[in-house]
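A.B. asks: output the structure for:
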Amino acid sequence: MIKNKPLNLIGAALGCGAQVEGTRDAPSVLMRMGLEQDLCAAGFVARWQGLVDDLPHNALDIEKKQRLMLAYDDLAVQVRTACINGTPIVFGGDHSCAIGTWSGVVGSLRDDQSLGMIWIDAHMDAHTQATSLSGAIHGMPVAILLGFGDARFTHLMQTKPKLDPRNLCLVGVRSFEEGEAKLLQQLGVRIFYMPEIQARGLTAVMEEARQIVTERTSCWGMSIDLDALDPLDAPGVGSPEPNGISAQALLDVLKQFSPDTAPIALEIAELNPHVDQQEQTTQLVSQLVQSVMKKYQ
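C.D. replies: The predicted model follows:
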């Protein structure tokens, strides 16, 4: 692998995919707090490549789904470009940004290549319009990337599903509904619920996840929803859930994570700076990037 590959930072200022839109301001807060400078000081070659938002000039004149479709398309194009000369690091924003992030990653691959995915999240994010009570799209990106849902989203970049369920692992799940659980169970997606993590330890769980997502694939990625972490460690998130992963435990495990190749992309989503406490969650973002990427620099 190439050492010191540039980290191409992309802000995904999306909020209207969720019920509460505070996550839209996460990228601007990270820019203002000097995330790029922090990463450069830690030895990375990091640069902001762009910012995508879901509030185009005529936002009031078009429906929410169309606003999101434009944002996902823009994000996918930026991510695909970022894959050419570096590693895209996407910062959300509500977790529906994953539709654009990983469609762009898959759009950068050859037809004979496939993507493995570790999805760290308190939720399954596997609803469709038929199973979602709220209709919020940030609860649907896993299903959409697997090919289930609105064709405007599932066909982004290309019509085939972006993920094979055999190459996907969910880690940290503790809040879900029957409909999305049924879909993932039928597809055979490996889900590591919090009781299993507590019983086996996060290190063992992440090692099994690594084996699954790299066994049949040519590359792998990681999407971290900050609500996977315990609210005591990460209060500034879109949808907090109690009894989550310890922030320090996750940072420690990621530093020792053992794939031979770097992730093709990293995504950190659902930072809501409006409900953060003393910038506790915001400061975790830089630490997470460094923990995931440091061994590959």
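A.B. asks: from here on, contacts and neighbour counts on C-alpha atoms
C.D. replies: OK.
A.B. asks: who are the contact partners of the residue nearest to residue 40 when sequence neighbours are not counted?
C.D. replies: The shortest distance from residue 40 to any non-neighbouring residue, by CA to CA, 6 or more residues apart in numbering, is to residue 46 (5.9 Å). Counting by CA atoms under 8 Å, 6 or more residues apart in numbering, residue 46 touches 6, 7, 8, 9, 36, 39, 40.
A.B. asks: return the set of buried residues in the host helix or strand of residue 281.
C.D. replies: With elements taken from DSSP states H and E, the one containing residue 281 is helix 280-293. Using 16 or more other CA atoms under 10 Å as the test for burial, helix 280-293 gives 281, 282, 284, 285, 286, 288, 289, 290, 291, 292, 293.
A.B. asks: and if you look at stretch 131-147?
C.D. replies: 132, 135-147.
A.B. asks: contacts for it next, please.
C.D. replies: By CA under 8 Å, 6+ apart, the surrounding residues in contact with stretch 131-147 are 17-19, 94-99, 102-103, 123-129, 149-150, 153-154, 160-165, 179-180.
A.B. asks: gap between the two ends of it?
C.D. replies: Length of stretch 131-147, first residue to last, CA to CA, to the nearest Å: 15 Å.
A.B. asks: what average pLDDT does it get?
C.D. replies: Averaged across stretch 131-147, pLDDT comes to 95.
A.B. asks: wouldn't residue 246 be in contact with residue 233 here?
C.D. replies: Yes - between residue 246 and residue 233 a contact is recorded at 6.9 Å, counting by CA atoms under 8 Å.
A.B. asks: among the contacts of residue 46, which are located in strands?
C.D. replies: Among these, the members found in strands (DSSP state E) are 7, 8, 9.
A.B. asks: can you list the weak-confidence ranges in the stretch 51-200 of the chain?
C.D. replies: 56-62 (pLDDT under 70).
A.B. asks: where do the strands sit along it?
C.D. replies: Ranges of strands within the stretch 51-200 of the chain are 87-92, 115-120, 168-173, 190-193, based on DSSP state E, counting those that start in this stretch.
A.B. asks: about what we covered before: out of the contacts of residue 46, which are buried?
C.D. replies: Applying 16+ other CA under 10 Å to those flags 6, 7, 8, 9, 36, 39 as buried.
A.B. asks: ok, of those residues, which one's closest to residue 66?
C.D. replies: Using CA to CA, residue 9 is the member of those that lies nearest residue 66, at 24.8 Å.
A.B. asks: against residue 132, how distant is the closest one?
C.D. replies: Distance, residue 9 to residue 132, by CA to CA: 32 Å.
A.B. asks: longest helix in this protein, please.
C.D. replies: Across the chain, the longest stretch assigned as helix under DSSP state H is helix 64-85.
A.B. asks: which secondary structure elements does that helix contact?
C.D. replies: Helix 64-85 is packed against strand 7-13, strand 46-53, helix 97-107, with contacts defined by 3 or more CA pairs under 8 Å, 6 or more residues apart in numbering; DSSP states H and E.
A.B. asks: could I get these as TSV with distance to residue 207?
C.D. replies: Output for the helices and strands packed on helix 64-85, formatted as TSV (distance: least, CA to CA, whole Å):
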stretch	distance to residue 207
strand 7-13	24
strand 46-53	28
helix 97-107	22
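A.B. asks: what pairs with the residue nearest the centre of the chain across the strands?
C.D. replies: The centroid of the chain falls nearest to residue 223 when counting by CA atoms, centre = their mean (2.9 Å). Assessed by DSSP bridges, residue 223 has beta-bridge partners residue 119, residue 267.
A.B. asks: pLDDT score assigned to it?
C.D. replies: Per-residue confidence at residue 223 stands at 98 (pLDDT).
A.B. asks: returning to that earlier point: and which of the ones in strands among the contacts of residue 46 is nearest to residue 212?
C.D. replies: Nearest member of the ones in strands among the contacts of residue 46 to residue 212, counting by CA to CA, is residue 7, at 25.4 Å.
A.B. asks: report the contact partners of that closest one.
C.D. replies: 44, 45, 46, 47, 86, 87, 88, 89.
A.B. asks: from residue 51, how far out is the last one?
C.D. replies: Going back to what we said before, that points to residue 89. 12 Å.
A.B. asks: overlap of the contact sets of those two?
C.D. replies: In terms of CA under 8 Å, 6+ apart, residue 89 and residue 51 are both contacted by the residues residue 10.
A.B. asks: the two: which has the busier surroundings?
C.D. replies: residue 89 (26 against 18; other CA atoms under 10 Å).
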